[in-house]
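**Q** with the sequence up front, the predicted model follows.
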Amino acid sequence: MSLLRIEDVSMRFGGLTAVRDVSVAIPKGGLCGLIGPNGAGKTTLFNIVSGFQRPSGGRILFEDRDITALEPHRRAELGLVRTFQGARVFPRLTIREGLQIARHLSDGNATRRPVIDDVMAEFGFAKYADEPAGSLPSGVMRELGIAMAISTGARMLLLDEPAAGLSAEEVTNLQRVIRHVHAAGVTVWVIEHNLNFLMGLVERCIVLDAGAVIADGEPRAITGDPRVIEAYLGDDAHAFG
Amino acid sequence: MFIDVIQTMTDGLMIGGLYATVAVGITLVFGIMGILNFAHGQMVMLGAYVAFFFVTAGYGFWLGLAFAMLAMALLGLVMERAVFRFILTDHMGGLTVSLGIILIIENLAAAYFTPDHRNFDPPLKGGVELLGMQFSAQRLLVLALVLVLVTAFYLFLQKTRLGKAIRAMGQNRTGAALVGVQVGQVTAIVFALGSAMAGAAGALYGSLFAITPYMASGPLMKGFILTVLGGLGSVPGAVIAGFLLGIAESFGSRYLSASFRDGYGFILLIAALLLFPRGLFGFSGKEKV
Amino acid sequence: MMLMLSVENLSVSYGNVRAVSDLSLRVAPGSVVGLVGANGAGKTSTLNALTGFVGHGATVIFEGQNVSGRSTADLVRLGLVQVAQGRQLFPEMTVLENLEMGGFLWRAAEMRQQVERMYEKFPVLQERRNQAAGTLSGGEQQMLAVARGLMARPKLLLIDEPCLGLAPKMVDRLGELIRQINEDGISILLVEQNTAFVFRLASHAYVLENGQCVLEGTPDELRSNDRVRSAYLGI
Amino acid sequence: MSVKSETAVMINEAASETAPGENRNRIVQLVFALGWLAFAVLLATPILADSRYLLHVGTMIALHGALAVSLNLLLGYAGQFAISHGAFYGLGAYASALLVTSAGLPFWLAMPLAMLIAAIVAAIIGYPALRYTGGVHLALLTFAFGELARLIAANWDGLTGGPMGLRVLYFPEPVLGFAFSKASGLYALAAAMLLVTMAIVLLVKRSRFGRGLVAIREDEVLASFLGINVLRYKLAAYVLSSAMAAMIGTVYAPIMTFISPELLNVHETISLIGVLILGGIGTFSGPLIGTLIFYGLPEFLRIASFYRLVILGVLIILVVLLVPKGIAGVIRQRLEMYRRGYPLFSWRKLS
């Protein structure tokens, strides 16, 4: 059964079509990637799914419920939570305060308990607990973004370029965290620009180019797809194989 | 009946034009600097006093008007350089600082000018008969002057090199810097210009109504209402809204209730915010993400 | 031979976050040089440092003249002009007004001549001259952004991510246009994530990762480099 | 972000060099304890000293302190900039006075009714204004409302007595044998207002609601994506803060025995905002420290009221530009640094 269904969604800004007729279904318990060259419409699609923008056409279903017109906080209540590019956290608040805030939905609500009960311990935040989030290394800040999303009791996470700008070591850590969250029962959908990051992580990859889905399948198959190679490196690319 | 309507209409246009003169300054400064200057009303008040002192010293209304504008432009320049440039685009910081300036200006004014009501002789006295209707000459003059001022202001923004640089900065500060506009200097000019408009409004207010150290809040309240109605940062929007508000108030107090005059604008404002989330003429509803 | 632009050990920091470290760049007169790298690699910070938007510790030599620390307006006057990411147009102004703003530092007569030249180069802008820039299509907006940059009569044009959000056909036209501009004698520093686009146009390119230059060379050298292939395709 | 990061680096360095000792923790706790003890002593002084002058000054300070505390909930914790606090204070005073004198209601019934009226008015103004991010609409609309309220009070002669104001000739009915007709009783009432508002703010601060408000202040967009109903939270904070202002206003009427439109002057609200900025906006003790300095010191130094406002104006500007954390914010930061192994006093610049 699919947890999230996107049906014929389009987004136009003035003369620009950022997303055109995209239909995608993400199954419950899936760990999927969304890739594409810059400007392919990945973030716009996430914005539509998370309620940041209203699509020009099409609809979004979450657990078979039409959520196209819902406010972001209503979607979060239903369990659909996103993170932002470049780690959006509360920079002046400590990790502990940030997580307390995020827990407000699950507080005293048995059905909404986060899949990972003690987020602080699981993510290894204990030693930073009282530091302002803005002072953390960027890798930890990304993890905090994810941890806050989990703490709301999310059933599905949308991660927007979580690995951009991280060091190799931080990327490995982040992959471990995402696997861990997925193993605990959260459906995960990750945007990445960098295919390399997703390779060992996801079971399925959706490729967007110029606002449309051009490929959808296992990561291995995707990297061999000539359309994907062309989207990334241009038509001269395969001449140099 | 017809005559009554025309007279109420003219009165509304006149008062609306005054409001618009106040509002364009607030709107321009907000649009370009992101600062909501609560002390704009105090500039109106000081402008009225400058005009009062010039007229009572015998230099006449026109010099008084010119010097009110000049003095406020200078004061604005000083405030921008000394304070506001350090908190550009910080909405809450700028607003708080301007509240502090209110306390300074208004209390000093009350101490030095005394709270007594002052008046100066308007350049035109008596009435004018037009198509069988009586109009106050000074009110017609004020109407003509605000039309000239607002039009000149509009043409300046539309047609001159500096005006275009200002408009460009309002739409995209980075873009303006990219094409070689010295954004820091232009920002200072904008604040001075907005303050000069407040000085002009003050001189015109003073030619019609009593001048007191506490006269600022009325014009400021109207200016704020228009800033929102016009779509936060749109100068033409604020002007159109100004005339509409003036007319609404005039007709409201003529045919409904005069004691509730100041309430009409407020009700209009609440209704507009509920019905038109981007302002009545809101092209530039800037989404903050 | 005098270089158009040279900068040694350029570093940009925001607080204690280093966006660019010790980057050295050279642009020969009349060339197209590329600067590629993923999101957050420090490309835009580099451009912003070169055009005076952010501070940096380096010495920037433009046409043999030390221009470090000059204001953006000064640099534009000297001929170092940036076409920034996201186009940075004035959306409520007409196409013509946008172009006129591009020639802000020129005298009116010269500015008008330059507008005519832009109309020749971009006929579509002439058709749309009285339309608000915000209502143009993405491709047209990018054309306008480039044309506005050209209005300042640059010697070196820094173009940041021009392909962002454009349809493939539009990207091709843009590439052709950049080639033409270069043939008119304007040097170009092209920043792009679209590596293929840069490799088609540039004679030399720098690859940035985490604020550092990890590779440089001709497009052919880079295209066959394993590191580039692995970074972008994971193969 | 940059500056904060530097501080954090410094913190980490210090933490690795000198482990924060138990001693330092204890000293910091002691400082807090002494602070609250001083507060308790100050609160008791007017009654113990039994001086009419001290009782009068204490009453005024307690009322303004309560106003500052209640405004801090909205400005400091929720980060919503409203300029209508004085208007709701006045609304509470007028509404309760009219309910008692014209409708003949007992004071203790008039008080909740006045608060209810204030809450409804706040909701009507707050809803359209708070739908927007950025807060500018709220500042504009609440300023306009404040002016409107003052004009109504000054012009609706039949109801409010017009510019001449209203005489108030009643006292709250005794509660459990405790009378409010003498100066000491009225001081106790004002002090109770202060303690009640402090208790409410403390409860809110510790609650889910309070954490949500802080989240909205820090980043409205992120808060909404974490499931917080931003509009409802902001509106609740505005309504609650305004109702508290009205509650304090109901007490003001019998204490001053006279109310006039001057009460709704925008200077009242600006002074309160200045008090918060000076004391430390968004800190629990900030409004108390600010009130004590602004309303207390000049009283003892005998500074004329208008100079006081001019000086406050200058202070507002200086504090916003130079020490945006305010006094309590700086103290809190110093103590926190000290706890982590830094010297308590150093000239080294902190963020």
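**A** Looks like it arrived, so ask away.

**Q** so D:Pro172 makes contact with D:Ala110?
**A** No - counting by C-beta atoms under 8 Å, D:Pro172 stays clear of D:Ala110, with 9.3 Å between them. C-beta: built from backbone N, CA, C; applies to glycine.

**Q** what about the chain, any weak spots by pLDDT?
**A** Picking chain A for this. Residues of chain A that meet the criterion pLDDT under 70 lie in A:14-15, A:108-111, A:233-241.

**Q** that's the other chain; I wanted chain D
**A** Counting by pLDDT under 70, chain D contains low-confidence ranges at D:1-21, D:301-303, D:344-351.

**Q** so which strand or helix has the residue nearest the centre of it?
**A** Nearest to the mean C-alpha position of chain D, by C-alpha atoms, centre = their mean, lies D:Ala68 at 1.6 Å. According to DSSP states H and E, D:Ala68 maps onto helix D:52-72.

**Q** and if you look at C:Asn182?
**A** Using DSSP H and E, C:Asn182 maps to helix C:168-183.

**Q** near chain B at all, the next helix or strand after that helix?
**A** Later in the chain than helix C:168-183, the nearest helix or strand by DSSP H and E is strand C:187-192. No - using C-beta under 8 Å from any C-beta of the partner chain, strand C:187-192 never reaches chain B; the gap is at least 14.5 Å.

**Q** show me where chain B has its helices.
**A** For chain B, the helices defined by DSSP state H occupy B:2-33, B:40-56, B:60-82, B:91-113, B:137-159, B:161-171, B:173-178, B:183-208, B:217-229, B:235-255, B:261-275.

**Q** A:Gly33 - that's part of a helix, no?
**A** No - going by DSSP: H, G, I helix; E, B strand; the rest coil, the assignment for A:Gly33 is strand, not a helix.

**Q** that one and A:Glu192 touch, don't they?
**A** Yes - at 6.1 Å, A:Gly33 counts as touching A:Glu192 under the criterion of C-beta under 8 Å.

**Q** list phi and psi for residue 90.
**A** If you meant another chain, say so; for now it's chain A. Backbone torsions of A:Phe90, given as degrees, to the nearest 10, read phi -90, psi 100.

**Q** ok, it - contacts?
**A** Going by C-beta atoms under 8 Å, 6 or more residues apart in numbering or on different chains, A:Phe90 touches A:Glu97, A:Gly98, A:Ile101, A:Ala133, D:Ala215, D:Glu218, D:Asp219, D:Leu222.

**Q** apply 7 Å and report the result again.
**A** A:Gly98, A:Ala133, D:Ala215, D:Glu218, D:Asp219, D:Leu222 (C-beta atoms under 7 Å, 6 or more residues apart in numbering or on different chains).

**Q** thinking again about what came up before, so, in contact with chain A or not, the helix holding C:Asn182?
**A** Yes - using C-beta under 7 Å from any C-beta of the partner chain, we find that helix C:168-183 touches chain A at C:Pro168.

**Q** now the angle from that helix to strand C:187-192?
**A** With axes from the mean of the first three to the mean of the last three C-alpha atoms, to 10 degrees as the basis, helix C:168-183 and strand C:187-192 are set at 160 degrees to each other.

**Q** quickly list what's touching both of A:Gly33 and A:Glu192.
**A** With contacts taken as C-beta under 7 Å, 6+ apart, A:Gly33 and A:Glu192 have A:Leu198 as neighbours in common.

**Q** all helices for chain A, in order.
**A** All helices of chain A, identified by DSSP H, fall at A:42-50, A:72-78, A:95-102, A:119-122, A:138-151, A:168-183, A:195-199, A:219-224, A:226-233.

**Q** tell me what the second one is packed against?
**A** It stands for helix A:72-78. Contact here means 3 or more C-beta pairs under 7 Å, 6 or more residues apart in numbering or on different chains; DSSP states H and E; on that basis helix A:72-78 packs against helix D:220-225.

**Q** which bits of chain A sit near chain D?
**A** Proximity of chain A to chain D, by C-beta under 7 Å from any C-beta, involves residues A:50, A:72-73, A:76-77, A:81-82, A:88, A:90-93, A:100-102, A:104-105, A:107, A:131-132, A:134-135, A:148, A:152.

**Q** hmm, which of these are the buried ones?
**A** The neighbour-count criterion (16 or more other C-beta atoms under 10 Å in any protein chain shown) marks A:50, A:72-73, A:76-77, A:81-82, A:88, A:90-93, A:100-102, A:104-105, A:131-132, A:134-135, A:148, A:152 among the residues of chain A next to chain D as buried.

**Q** next, format the helices of chain A as a markdown table and append distance to C:Ala145.
**A** As requested, the helices of chain A are exported to a markdown table (distance: least, C-beta to C-beta, whole Å):
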| stretch | distance to C:Ala145 |
| --- | --- |
| helix A:42-50 | 20 |
| helix A:72-78 | 32 |
| helix A:95-102 | 39 |
| helix A:119-122 | 45 |
| helix A:138-151 | 31 |
| helix A:168-183 | 34 |
| helix A:195-199 | 30 |
| helix A:219-224 | 33 |
| helix A:226-233 | 24 |
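
**Q** quick one: pLDDT of B:Ala241?
**A** Looking at B:Ala241, its pLDDT reads 91.

**Q** chain neighbours aside, what residue packs nearest to it?
**A** B:Leu229 (3.9 Å; C-beta to C-beta, 6 or more residues apart in numbering or on different chains).

**Q** test my guess that the one you found contacts B:Ile267.
**A** No - with contact defined as C-beta atoms under 7 Å, B:Leu229 does not reach B:Ile267; the gap is 11.9 Å.

**Q** shared neighbours of the two, anything?
**A** The contact lists of B:Leu229 and B:Ile267 share no entry, where a contact means C-beta under 7 Å, 6+ apart.

**Q** more neighbours, those two?
**A** B:Leu229 (27 against 13; other C-beta atoms under 10 Å in any protein chain shown).

**Q** and the more buried one, how far from chain D?
**A** B:Leu229 sits 10 Å away from chain D, going by C-beta to the nearest C-beta, to the nearest Å.

**Q** done for today, thanks.
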